[in-house]
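S.K.: Sequence and computational prediction follow.
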Amino acid sequence: MKNTIITKIIIGSLLFSGIGVHAQKTNLEVDVAKTITKIQPTMFGLFFEDINFAADGGLYAEMIKNRSFEFEKPLMGWEQPNTKRSSLNMNSGVATPIKVAENETNPNFCRVLINYDKGYAIINEGFRGMGVKKDAKYNLSLKAANHNSAIKKIIIQLIDKDKKVIGETSIVPASNEWECYSAQFTATQTEAKAKLKITFEGTGTIDLDMISLFPEDTWKNRKNGLRKDLVQLLYDMKPGFLRFPGGCIVEGRTLADRYQWKKSVGDIENRRTMMNRWNVEFNHKQTPDYFQSFGLGFYEYFQLSEDIGATPLPILSCGMACQYNTGELAPIEELDPYIQDALDLIQFANGAEDTAWGKLRSDMGHPKPFNLKYIGVGNEQWGPDYIERYKVFEKAIKTKYPNIIIVSGSGPSPDGEHFDFAMAELKKLNAELIDEHYYKSPQWFRENASRYDNYDRKGPKIFAGEYAAQSVSGANPNNRNNWECAFSEAAFMTGLERNAEVVNMTSYAPLMAHEDAWQWTPDMIWFNNLEAYGSANYYVQKLFSTNKGTDLLNITKEGKPLTGQNDLYVSAVKDINTKEIIIKLVNTAVKSQDITIDLKGSKLVAKGSVITLTSPNLQDENTFAEPKKISPKENVYNLKGEKAEIKLPAYSVVVLKLKIK
């Protein structure tokens, strides 16, 4: 009896793991010659939000935190190891923030009194340290006013975690008045947690402001530009669009601290620093040092979109603060400034050089228009107040710019009263593109692959603007970028692609997170001060984005789409530019499955390729130690006849690519 029970347990385990049993066989049919609809170039894109230190401390390569002393605590990020509050500091010195009220955008500077130059130092800690690389060059700049020429030299050093000097330069401050100075130096070792130390020769008073440090090696070698490795990961995805500056960051906790794009353009020094709303949003991850310098502003977002070949999609406040916070409303009769911001943004992006905002764009270095086609009104607002405001925006924008496509929102959830109300009202208004958001369980994503199958083909188009499978629950700090979440998103994405008649844009969210300074997880890209890697979710997104094709094809089993039957999900496209048939197959089962695909309507080249993304365990994920643990593997595929046969590993996303003769 005991042996019989053990035998049954072993057989059951083998069945569950797929070992020693025949793989499930499925026959599919594709009509290669018949296009269902054209796939929009914007189908798979990117959603950027300044959360998780994604801008300052991340994509924006500035290494100094609080460079212009504009945080609410003006010396936050700066330390004076030999200075004491209860002392005259005669053996060192002291830094004091000074506020100049008439300078509205950059009112603070730092006045440093050096009593004994051998004893005084002021150190910037960077964004959880500074990542410097051996033999790499770094560009330092600052503004200084040297009272009575008292200070003979400013000495700037990079120091490692043990306070050892690993790079050094100096500046001679030559004027009593404010002057800009710059210098370059080379790091002598690699260090993830470096700091910048400033000391002086001479005693007396010197004023400092806009102390800045950038790597010379930035994206496209732009001075004071973007972090190269992070942009490369975005570029490699070949995204169809870039949505910016985010979601909730657009709204603000109150209307006063909403994102105002006009304050993010023009001279860097005149972009007013403000607190980032994620600074205080979550008790599980307080980040009191999270502010926005706006060094990465709307001009830079448009420029980045152009760099990576993505259509820009800016989202603007509709006069409603975040409804999870204050929900503050601008009265309808006071919406004009908000509407004018939208109209002026279109002029900034597309206007001729003889227009006010077009001239600013040109003066900033981009005479040609950015070719803006889309603009978003509000982030994920809900209720009658949103619809009322949306109508006013739509009328104003369409009157002046009839060809601009307006993105509206259905609220923060994919169902429920707010969603149903918004969808009904926006359909009445013939809205062009409705933004839907869903942060749900992996199971939800698998079960909703057919979500758009019955959407009205003549109704508004859909922008799946924020989605990510949550391994625990929404906004939970214990969520992981595990393999189950990633392949469940892939299953759902076959449904997005199959419904390209309705779904025109899609993007995972959030985009990136700093290892030591995140507020929200999961995230598509993870980085620290030296390295960055794509999660398993990143590779799923990349597979779809780089293989989106141009024409949707019908792929069925016995005349029906595969939306989870036998744990299988599929979609098929044709690319008329590369003359390829591209079939995406997702197997969410614990066992491998054999697939036969009957390819009708075109002659195909025998030699193709197959890309496989798989991992044996649901909890597997990429890490800094194993950044490509879950990453695509490409192999040659040989087609025999008109039927393609392929084995899908357990828990896998597979892309089959075949050339048309």
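M.R.: Received it, and whenever you're ready, just let me know what you need.

S.K.: Any stretches of the chain with poor pLDDT?
M.R.: For the chain, the stretches with pLDDT under 70 are 1-23.

S.K.: where along it do the helices fall?
M.R.: With DSSP state H, the ranges of helices along the chain come out as 2-17, 228-235, 248-251, 298-307, 336-350, 356-363, 384-400, 417-428, 442-447, 483-498, 536-545.

S.K.: from those helices, which stretch is densest packed?
M.R.: helix 483-498 (a mean of 27; mean count of other C-beta atoms under 10 Å). Just so you know, the C-beta spots here come from the backbone N, C-alpha and C atoms, and that holds for glycine as well.

S.K.: elements contacting it?
M.R.: Under the contact criterion of 3 or more C-beta pairs under 8 Å, 6 or more residues apart in numbering; DSSP states H and E, helix 483-498 touches helix 442-447, strand 461-469, strand 503-508, helix 536-545, strand 568-575, strand 580-587, strand 652-659.

S.K.: and the helices of the chain as TSV, adding distance to L613?
M.R.: Below are the helices of the chain laid out as TSV (distance: least, C-beta to C-beta, whole Å):
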stretch	distance to L613
helix 2-17	20
helix 228-235	16
helix 248-251	31
helix 298-307	27
helix 336-350	36
helix 356-363	40
helix 384-400	38
helix 417-428	32
helix 442-447	16
helix 483-498	8
helix 536-545	6
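
S.K.: Can you check which of those helices gets nearest to K262?
M.R.: K262 lies closest to helix 336-350 among these, at 6.7 Å (C-beta to C-beta).

S.K.: just the CA coordinates of that closest one, formatted as PDB?
M.R.: Extracted in PDB, the C-alpha atoms of helix 336-350 (Å, rounded to 0.1, in the frame of the first residue of the first chain):
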ATOM      1  CA  ASP A 336      -8.000  79.500 -19.100                       C
ATOM      2  CA  PRO A 337      -4.400  79.300 -17.800                       C
ATOM      3  CA  TYR A 338      -4.500  75.500 -18.000                       C
ATOM      4  CA  ILE A 339      -6.000  75.600 -21.500                       C
ATOM      5  CA  GLN A 340      -3.400  78.200 -22.600                       C
ATOM      6  CA  ASP A 341      -0.700  75.900 -21.400                       C
ATOM      7  CA  ALA A 342      -1.900  73.200 -23.700                       C
ATOM      8  CA  LEU A 343      -2.200  75.500 -26.700                       C
ATOM      9  CA  ASP A 344       1.200  77.000 -26.000                       C
ATOM     10  CA  LEU A 345       2.800  73.600 -25.700                       C
ATOM     11  CA  ILE A 346       1.600  72.700 -29.200                       C
ATOM     12  CA  GLN A 347       3.100  75.900 -30.400                       C
ATOM     13  CA  PHE A 348       6.400  75.200 -28.600                       C
ATOM     14  CA  ALA A 349       6.500  71.700 -30.200                       C
ATOM     15  CA  ASN A 350       5.300  72.600 -33.700                       C
END
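
S.K.: Taking their axis directions, that helix and helix 356-363 sit at what angle?
M.R.: 40 degrees (axes from the mean of the first three to the mean of the last three C-alpha atoms, to 10 degrees).

S.K.: and W178, how far is that from T205?
M.R.: Between W178 and T205 the computed distance is 14 Å (C-beta to C-beta, to the nearest Å).

S.K.: With neighbour numbers in mind, choose between the two.
M.R.: Taking neighbours as other C-beta atoms under 10 Å, W178 and T205 compare with T205 leading, 16 against 13.

S.K.: ok, the closest residue to that one other than its chain neighbours - contacts?
M.R.: Leaving out its chain neighbours, the residue that sits closest to T205 by C-beta to C-beta, 6 or more residues apart in numbering is H147, at 4.4 Å. Contacts for H147 were tallied using C-beta atoms under 8 Å, 6 or more residues apart in numbering; they are N176, G204, T205, I206, D207.

S.K.: now do 10 Å
M.R.: R111, L113, P173, N176, G204, T205, I206, D207 (C-beta atoms under 10 Å, 6 or more residues apart in numbering).

S.K.: which among those residues end up buried?
M.R.: Buried members of the contacts of H147, counted by 16 or more other C-beta atoms under 10 Å: R111, L113, P173, G204, T205, I206, D207.

S.K.: Rebuild the residues you listed as CSV, extending it with distance to A194.
M.R.: Shown next, in CSV, are those (distance: C-beta to C-beta, whole Å):
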residue, distance to A194
R111, 26
L113, 27
P173, 24
G204, 29
T205, 28
I206, 24
D207, 26
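
S.K.: Those: which two are farthest apart?
M.R.: Largest pairwise distance in the buried ones among the contacts of H147, by C-beta to C-beta, is 14.8 Å, between L113 and P173.

S.K.: List the buried residues in stretch 33-40.
M.R.: For stretch 33-40, by 16+ other C-beta under 10 Å, it's T35, I36, I39, Q40.

S.K.: In JSON lines: those, plus distance to F241.
M.R.: Output for the buried residues of stretch 33-40, formatted as JSON lines (distance: C-beta to C-beta, whole Å):
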{"residue": "T35", "distance to F241": "23"}
{"residue": "I36", "distance to F241": "22"}
{"residue": "I39", "distance to F241": "13"}
{"residue": "Q40", "distance to F241": "9"}
